[in-house]
Structures are given as C-alpha cells and as structure tokens.
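**Q** prediction below, plus the sequence it came from.
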Amino acid sequence: MDRVIFHCDLNCFFASVELLSRPELRHLPVAVCGDPAQRHGIILAKNEPAKAFGVRTAETIWQAKRKCPDLVLLPSHHRLYEEYSHKVNAIYEQYTDLVEPFGIDESWLDVTGTLHLFGGDGRAMADRIRNHIRQELGLTVSVGVSFNKVFAKLGSDYKKPDATTVIRREDVEGIVWPLPVGDLLFVGRAAAKELERYGVTTIGQLAAFDRDALGQLLGQHGLQLHDYANGVDDSPVRPAGQYVPPKSVGNGMTFPHDLVGEEAVRSGVTVLADWVAHRLRGHDLKCTTVQVTIRSPEFHDLSRQRRLAAPTFVTAELADMVMELIRENWNLSAPIRAITVTAANLIPAAQAAEQLDLFAAGQDTQRRDRQERLGHTLDAIRHRFGGGAIGPASAVEGEEE
C-alpha cells in the first residue's frame, strides 16, 4: 500500500506574519527586507500583490522598487518567524508524530498511520489542516498530497496560495511530467542547464532519459534525479531532532577555468578535501574510503575510489589519496572541468580511534594527533568567524555543486 505524504508550504511566510499586525497593508504590495547595512538591501519575502508586479526574493530593493514604485517595505523579525514556525509544526503534530521540517516555512508529514483517524481521505485531511492553521494563526498554507516526499513537494508548489493538490500514481503523467525539470527537488540551476544541453527540459523527458547515460553525465546525482522523475523515492519522513548520520560526504566544484597540471589540480583538490574533512568532523565521523570523480570539458566523467590505510578526517590525508588516484588514472596535462571528492564507508570517530590504537605500532601517531587537533581548531575559527574565515593556502574558486 502506498504511503500518504503531505508537503506543507506556508504562503509568503515572512510577509504573512508581518501582515498579521498590519492588516491595513494586506491588499497592498508588501515586501520584507533585511537591514540594508547587513543584507545589502535585498528582498527577503513578498506578498501576493507584490508578486504580481514581478518582485522576487533575493533581488535588491532598488530592483524591486523599479518594478513596483509603491512597494511597502517592512523590516524583518526572525525570532517572530521562528515562533510562528514552531506553532505551525505543533499543529501538524496534532495530526501525526512524523513531522519533518524542511526550512522555516515547509514541512513533510507522513500521515499513513493516522489518516484513518481523520476520515481516511488525504485531500480532506489536508484541507482540515489548512483550515486549522488559518483559523488559529491567520496564516495560509499550500499542501501537496502524494505517495512520496518528492511528488508531495511538487504538489505544494503546483497551486498557490492556500490550496491542496493531490498527485496519485495515475496523475504523474498528466501533472508531473509536463512540468519544467527545474521544478523537481534537487535539480539546481547547474543541473538544469546541463540537462538542457541534452534536450531535457521537462520532468517527463528526464524520466524517459536513459538511466545509465544520465549516470555518466551527472554521476550518482543523475541516477537519483532519474529515480525521482519516475516516482521512485522511499526516503522516510524523519521527525525534527532525529539525527541520521550520512552514508557519505562529498563536495564538488566546477572551476571557472579548466585545471591543467599537477599544481593547479592539487590546489582544487585541497579546497574540496578541506570542506569534506570539515563536514566529517562536524558529524564526528571518519571515512575509510575516498572517491574522486573527474569531469572533462566534454562532460565525460571518470570515477575511482580506494580504501585508506586508516580512517581519517584530516584534509591532507584525503587530498593525498585523491591526488594519488588522479595521477594513476588521469593525464595531468589534460584539462579538468570539475572535480568531486567523496568520503565513503564512514564510521564514528571514537570507533576509528580504537582501531588506530590496535594497529598504531610503527605509525607517526603524534603527527596524526596534531593534524586532527589542527582540524578542530580550524572548525572553531570557522564557526566563530564564518566559513570563509580560513582555508587552505592555495585555493581555486569555482561553482560548488
């Protein structure tokens, strides 16, 4: 039996919360903006009348004002938005204990086990939740109802504001497949642009694309997107606070200029290895396998992996292994368009330490300890001053994937 998954998306959330105390502005074009001195004067949210003028989130205030000279600007109050987000999720939890927030204004609900308590009809239950939120909080929400999380999210985006959209298996061809491929969850601008090169502009074209060929073009991400387009998604709805350790940690980068030669490649690899190591330490995990994927300017991918001699979350050790794999499998005089570094076969750092203690004879454990302490020190600096506060001495900038 299919699951019944809701994706609930609060409409114009920041602006709607602000207008609760300013009802006289409700029918005027309104936008919430950050402090120009701190957020460069950008639009954080807008209401439906402002949308009608083409005002967009993340554009500058002067751009929005050029489209809509009478736009009313309101300051942001993030603590208030968090307060209302908690209130909304508390309402969702009256209908199911499986509520997974997806940002401050979106949540997935798995109502498979409780649907019978509310009449057994997904659309009616979604409408009931929408009415509950409107009456208790004065906010509106769009709800997608489907048999998996990905299509439920498509449903909530399909019709706004204040609407319920049901996508059953028999609706996929008529509702989902004609939609632009960029509407599918996790299809970013870079992926959509690359797919367009191969004639894929709709979700249906993505679903019909040869799966193995898509895997060669986009790697594991391409295989996942192909599954999503075909309705294959069994990811569970996980309640807030339920930590699930990742199965792998990876970072990829498309470089502004092709990398040629060992020095340039090493520079790019070090940046990626540093961020992978940082994320591993954040999860208190070490990897036992390292994988590298190299993409040529012609979009041909080469992937290789190798097991490490000892588990690690040290940048230098990850970078050294990646460079070893590249030297063995790639002509360094040939250009490289993009590189992805992935740490796999992860284990808890404490467990890794126990393994090292058993096989430490003859190894420079003091050097390893110094490198690990250095890594934690870098993490502390980044946490305090921001992710870009410190990094490898040689860095290649690019578009992160």
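**A** Perfect, thanks for sending it.
**Q** hang on, isn't Q205 packed against Y198?
**A** No - counting by C-beta atoms under 8 Å, Q205 does not reach Y198; the two are 9.0 Å apart. Any C-beta I mention is one placed from the backbone N, CA and C, and that applies to glycine too.
**Q** those two: who's more crowded?
**A** Between Q205 and Y198, counted using other C-beta atoms under 10 Å, the more crowded position is Q205 (17 against 14).
**Q** for the helix or strand containing that one, give the mean pLDDT please.
**A** Taking DSSP states H and E as the criterion, Q205 maps to helix 203-208. Across helix 203-208, pLDDT averages out at 98.
**Q** what residues of that helix count as buried?
**A** In terms of neighbour count (16 or more other C-beta atoms under 10 Å), helix 203-208 has its buried residues at I203, G204, Q205, L206, A207.
**Q** can you list contacts of the helix or strand following it?
**A** On the C-terminal side of helix 203-208, the closest following helix or strand by DSSP H and E is helix 211-229. Outside helix 211-229, the residues within contact range by C-beta atoms under 8 Å, 6 or more residues apart in numbering are 150, 176-177, 181, 184-187, 191, 194, 198, 203-204, 206-207, 209, 233, 293, 299-301, 303, 340.
**Q** before we move on, back to that, which elements pack onto the helix holding Q205?
**A** Using 3 or more C-beta pairs under 8 Å, 6 or more residues apart in numbering; DSSP states H and E as the contact definition, the elements that helix 203-208 packs against are helix 211-229.
**Q** who does whichever helix or strand comes after the helix it packs on touch, helix- and strand-wise?
**A** Counting by DSSP H and E, the next helix or strand C-terminal to helix 211-229 is strand 248-259. For strand 248-259, the packing partners by 3+ C-beta pairs under 8 Å, 6+ apart come out as helix 262-282, strand 285-295, strand 336-348, strand 399-400.
**Q** which residue is nearest the centroid of this structure?
**A** Compute the mean C-alpha point of the chain, and by C-alpha atoms, centre = their mean the closest residue is F186, 6.6 Å away.
**Q** coming back round to it: in a markdown table: the buried residues of helix 203-208, plus distance to V271.
**A** As requested, the buried residues of helix 203-208 are exported to a markdown table (distance: C-beta to C-beta, whole Å):
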| residue | distance to V271 |
| --- | --- |
| I203 | 33 |
| G204 | 37 |
| Q205 | 34 |
| L206 | 30 |
| A207 | 35 |
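**Q** so which residues of this structure form helices?
**A** Per DSSP state H, the chain carries helices over the ranges 13-20, 36-39, 48-52, 61-67, 78-92, 122-137, 149-158, 189-197, 203-208, 211-229, 262-282, 315-329, 349-358, 365-385.
**Q** mean pLDDT lowest for which of the ones you listed?
**A** Per-stretch mean pLDDT for the helices of the chain is lowest at helix 36-39 (a mean of 47).
**Q** ok, the residue lying closest to H27 once chain neighbours are set aside - how many residues close by?
**A** Nearest residue to H27, sequence neighbours excluded (C-beta to C-beta, 6 or more residues apart in numbering): P49, at 6.5 Å. Other residues within reach of P49, judged by other C-beta under 10 Å, total 20.
**Q** P49 and L25 touch, don't they?
**A** No - in this structure, P49 is not within contact of L25 by C-beta under 8 Å, at 9.5 Å.
**Q** residue contacts, the closest residue to F6 other than its chain neighbours?
**A** Nearest non-adjacent residue to F6, counting by C-beta to C-beta, 6+ apart: L109, 4.1 Å away. The neighbours of L109, taking C-beta under 8 Å, 6+ apart as the test, are I5, F6, H7, C8, Y92, Y95, T96, L98, V99, E100, V237.
**Q** save those residues as JSON lines, and put in neighbour count and distance to V32 too.
**A** What follows is these, written out as JSON lines (neighbours: other C-beta atoms under 10 Å; distance: C-beta to C-beta, whole Å):
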{"residue": "I5", "neighbour count": "28", "distance to V32": "30"}
{"residue": "F6", "neighbour count": "28", "distance to V32": "26"}
{"residue": "H7", "neighbour count": "28", "distance to V32": "23"}
{"residue": "C8", "neighbour count": "27", "distance to V32": "21"}
{"residue": "Y92", "neighbour count": "23", "distance to V32": "24"}
{"residue": "Y95", "neighbour count": "20", "distance to V32": "29"}
{"residue": "T96", "neighbour count": "22", "distance to V32": "30"}
{"residue": "L98", "neighbour count": "21", "distance to V32": "31"}
{"residue": "V99", "neighbour count": "24", "distance to V32": "25"}
{"residue": "E100", "neighbour count": "21", "distance to V32": "25"}
{"residue": "V237", "neighbour count": "23", "distance to V32": "29"}
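**Q** domain ranges for the chain?
**A** The record, using automatic domain parsing to delimit domains, assigns the chain the ranges 178-229, 248-400.
**Q** okay if I get the ones you listed as a markdown table plus distance to D105?
**A** Conversion of the domains of the chain to a markdown table gives the following (distance: least, C-beta to C-beta, whole Å):
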| stretch | distance to D105 |
| --- | --- |
| domain 178-229 | 16 |
| domain 248-400 | 24 |
